[in-house]
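**Student:** What shape does this take:
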Amino acid sequence: MIKLGDKEYELRVASAECSVSKTPYLKTYKHGEVTIHVKAGDFSEIMSKVVQSLENSYFYAANDNERNMIKDYIEHFRYGE
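**Tutor:** Numbering: from 1, shown residues only. Sure, this is the predicted structure:
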């Protein structure tokens with residue numbers, strides 16, 4: 001969380017990509033006098049490498065349970081869901 005002003009903040013989500021259709025919570029919220037902007041794509045370069053490594057590891061999974069877990073991790077690190 002980054003303080004932008006007296007009552008304004010930016011909440012950054014680490015993710016490889018920024019997609020409002022995949023993560024609908026990426027918007028501005030107002031609560032009383034406080035404003036919070038939720039944005040994705042923080043650490044995108046690093047998160048892209050994490051996603052790529054997970055995609056490469058998918059083929060070495062021992063069973064369906066591991067493959068499903070890796071798919072979920074890929075989705076999470078790609079979009080910040």
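
**Student:** can you pull the buried residues of the longest helix along the chain?
**Tutor:** The longest helix of the chain (DSSP state H) is helix 64-79. If you call a residue buried by 16 or more other CB atoms under 10 Å, then helix 64-79 has these buried ones: 70, 74, 77-79. C-beta coordinates here come from the backbone N, C-alpha and C atoms, glycine included.

**Student:** Tell me the gap between that helix and the middle of its chain.
**Tutor:** Helix 64-79 has its C-alpha centroid displaced from the chain centroid by 13 Å (CA atoms, centre = their mean, to the nearest Å).

**Student:** ok, now stretch 5-20?
**Tutor:** Between the mean C-alpha location of stretch 5-20 and the chain-wide mean there is a distance of 10 Å, by CA atoms, centre = their mean.

**Student:** which residues sit against it?
**Tutor:** Under the criterion CB atoms under 8 Å, 6 or more residues apart in numbering, residues 1-4, 23, 26-27, 33-44, 46-48, 50-51, 77-80 lie in contact with stretch 5-20.

**Student:** mind redoing it with 7 Å?
**Tutor:** Contacts of stretch 5-20 from elsewhere in the structure, counted by CB atoms under 7 Å, 6 or more residues apart in numbering, are 1-4, 26, 33-44, 47-48, 51, 77-80.
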